[in-house]
Every structure is written in structure tokens, then in C-alpha cells.
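A.B. asks: Here is my input; please provide its structure:
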Amino acid sequence: MNYSILSDSTQITNQDKAVVIEKGNDFVAVLSDGAGGIGGGAEAAEISVNRLSKENIRNPIATLQDLDQYILSNIEVGETTAVYLKIENNHISGTSVGDSDAWIINENGIQVLTQNQHRKPLIGTDYAIPIGFQNIIFNGILMLASDGLTKYVPFSQIVYTIQTNENLDICARKFIELARYKSGILPDDTTVVLCRL
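C.D. replies: Just a heads-up that it's a prediction; the model follows:
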């Protein structure tokens, strides 16, 4: 699988974290966006990505529920979104909490894997409600993104960028620039993960 990860911020600390891990013939992709304004968001996102990418997860929903309690138990850590995906035999399964997204983009448009997720409460509150999805056919480009991209760049521009650029690194850089204000400032931490089988 080919993939590209790009993250940018105009803040002192980027609270977005993302990783893609190869596990034998399978892949795991994780993205977390630490909540701003309450402190400890970057730390919560870091813990989320580290734990979700290293564990052999059999039940993603239960794992996010456990992560929710674990982060809450650390008084120096804040809250975070979480998107966890496992790619196995050309199929995608996973779960999410918050307003970070996972999409499949192809010639037909966008399939939103995280469309039924609960935006709040976040991981780290003890009240997070993970919503799962499974056996989604991997047909096109898989994109994980924080709301720094999906909140500020229209669907149509995202689809057009994917459909007109074969190189995933170029797509990722274009997405960051589409989210950027003319002043050069990003409205939020912005992270994108792009994967192609």
C-alpha cells in the first residue's frame, strides 16, 4: 500500500497526530486531533495514536472505550478525537469518536466511513460513544483527516484534487494549502492521511 501523511499548524503546538503501521499483510491507520482550549490535547492525541497503533485490536469499539477511561485517568491529559482503521484483504473496518473523518474517494465521489460518529463527548471524558464500521470495500483513495481540512475545504475541491493528481504526496500538500488562509495562517491544525492499495 502507498500512503502519505502530512500535518501542519500555525500554532506553537500541533495537536494533531497520525500514523500508518504495516502489520504483516494488513495495515492500521490512526488519526487523533487533541481538543484545544482545555489543555493536554496534544498529549491525549499522542497517547491515542500510540496505543491504537501498537495494540493487536480485536474489538475496536471496546478498545476506544478503554482508551477513553485510560486518558481520563491521567490528570495531565486532555481530550481527543480518534479514528482507527484496519485494512485487511482489500476491506476496511474501524471505529471513531469526534469530528475527524475517514473517507473513500473515487470516481463516484465520497463515501464517508465516519458519517454516523458521535462528535461529542470526546475520548478522555469517560462518556465517549465509539461508532464502528466494517467490511467496507477499499475502492479508491482512503483519506483520514482532521477537521482542519474537512471543515474548511469543500467536498468538491477535495474530490477534484484526488481525481486530478496521481501522486499522494502532491495531493496532501495541496490539501494543506487549500485549507490555508490567504494570510498564510491555517484556521486549525490540519492533518491528512492518504492511502492507496
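
A.B. asks: Contact partners for the spatially closest residue to Asn14 that is not a sequence neighbour?
C.D. replies: Closest residue to Asn14 apart from its sequence neighbours, by CB to CB, 6 or more residues apart in numbering: Asp189 at 5.1 Å. C-beta here means a position set from N, CA and C on the backbone, and glycine is covered the same way. Counting by CB atoms under 8 Å, 6 or more residues apart in numbering, Asp189 touches Ser7, Asp8, Ser9, Gln11, Asn14, Gln15, Asp16, Asp33, Ser146, Gly148.

A.B. asks: tally of neighbours for the third one?
C.D. replies: Around Ser9 sit 16 other residues, with neighbours defined as other CB atoms under 10 Å.

A.B. asks: doesn't Gly34 make contact with it?
C.D. replies: No. Ser9 lies out of contact with Gly34 (CB atoms under 8 Å); the separation is 11.1 Å.

A.B. asks: now Ala128, nearest residue through space, not along the chain?
C.D. replies: Nearest in space to Ala128, with sequence neighbours left out and distances taken as CB to CB, 6+ apart, is Asp68 at 4.2 Å.

A.B. asks: Who are the contact partners of the one you found?
C.D. replies: Val97, Ile123, Gly124, Thr125, Asp126, Tyr127, Ala128.

A.B. asks: let's see 10 Å
C.D. replies: Residues near Asp68 by CB atoms under 10 Å, 6 or more residues apart in numbering: 48, 79-80, 82, 97, 121-130.

A.B. asks: Ser48 now?
C.D. replies: Shown in contact with Ser48 (CB under 10 Å, 6+ apart): 17, 30-34, 64, 67-68, 70-71, 77, 79-84, 97, 123-124.

A.B. asks: That one: which element?
C.D. replies: Element membership for Ser48, per DSSP states H and E: helix 41-54.

A.B. asks: rewinding a little: the residue nearest to Ala128 in helix, strand or coil?
C.D. replies: helix (DSSP: H, G, I helix; E, B strand; the rest coil).

A.B. asks: what's the distance between it and Thr125?
C.D. replies: Distance of Asp68 to Thr125, given as CB to CB, to the nearest Å: 7 Å.

A.B. asks: shared neighbours of the two, anything?
C.D. replies: Both Asp68 and Thr125 are contacted by Glu79, Val97, under the criterion CB under 10 Å, 6+ apart.
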